[in-house]
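>>> need a 3D model of the sequence below.
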Amino acid sequence: MAFEVIGNDITISMAAEAGQLQLNAFEPIIAHSLFESLAHLTAACDTLRTRCVVGITANVARMRATVDHSIGLVTALNPYIGYDAATNLAADALNSGADIASLVLDRGLLTASELETILQPDNLTRPRRNPAEGG
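Down below sits the predicted model:
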């Protein structure tokens, strides 16, 4: 399907180039190739949806574990604990395999409630002002 769509694209390009202004004698092949490609792409999208996408469910526990062990969380903590502490946390998490939240609590950098608030998905996915700037 992909090769045929690519071939149709080449056909359309060549036919458009070969035409004479508004008197393009190649318009029928342009239209045919375009509509054929649209039909193929529609069928491919439908097939992908029904055979690959429908029925997929998230493994919530695995996703939570991946987020909890992501070193990228230090980015969200940076405004609260400072760049140096965040950098040290990232390095230690990478070396030890420990999750960021455990290291923060072990070091007493934030309380459990502060950490929970900062690392809530809603807080991580919405823009906000830097707390150090009063926001």
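>>> assess the claim that residue 117 and residue 124 are in contact.
No: applying CB atoms under 8 Å, one finds residue 117 not in contact with residue 124, separated by 10.9 Å. For every residue, glycine as well, the C-beta is placed using N, CA and C.
>>> can I see the domain layout of this structure?
Using automatic domain parsing, the domain ranges for the chain come out as 2-53, 60-133.
>>> would you single out the least confident of these?
Of all these, the minimum mean pLDDT falls on domain 60-133 (a mean of 87).
>>> beta partners for the residue lying farthest from the centre of the chain?
If you look at how far each residue of the chain sits from its centre, by CA atoms, centre = their mean, the farthest one is residue 23, at 45.2 Å. For residue 23, the beta-bridge partners are residue 20 (DSSP bridges).
>>> buried stuff in stretch 117-128?
Across stretch 117-128, burial judged by 16 or more other CB atoms under 10 Å covers 118-119.
>>> now that stretch - C-alpha only, PDB.
What follows is stretch 117-128, C-alpha atoms only, in PDB (Å, rounded to 0.1, in the frame of the first residue of the first chain):
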ATOM      1  CA  THR A 117       1.500  17.600  45.600                       C
ATOM      2  CA  ILE A 118       4.500  18.500  43.400                       C
ATOM      3  CA  LEU A 119       4.500  15.100  41.600                       C
ATOM      4  CA  GLN A 120       0.700  14.900  40.900                       C
ATOM      5  CA  PRO A 121       0.200  14.300  37.200                       C
ATOM      6  CA  ASP A 122      -2.000  17.400  36.900                       C
ATOM      7  CA  ASN A 123       0.800  19.600  38.400                       C
ATOM      8  CA  LEU A 124       3.400  18.000  36.100                       C
ATOM      9  CA  THR A 125       1.300  18.500  32.900                       C
ATOM     10  CA  ARG A 126       0.200  22.100  33.300                       C
ATOM     11  CA  PRO A 127       2.400  25.200  33.000                       C
ATOM     12  CA  ARG A 128       3.000  27.100  36.300                       C
END
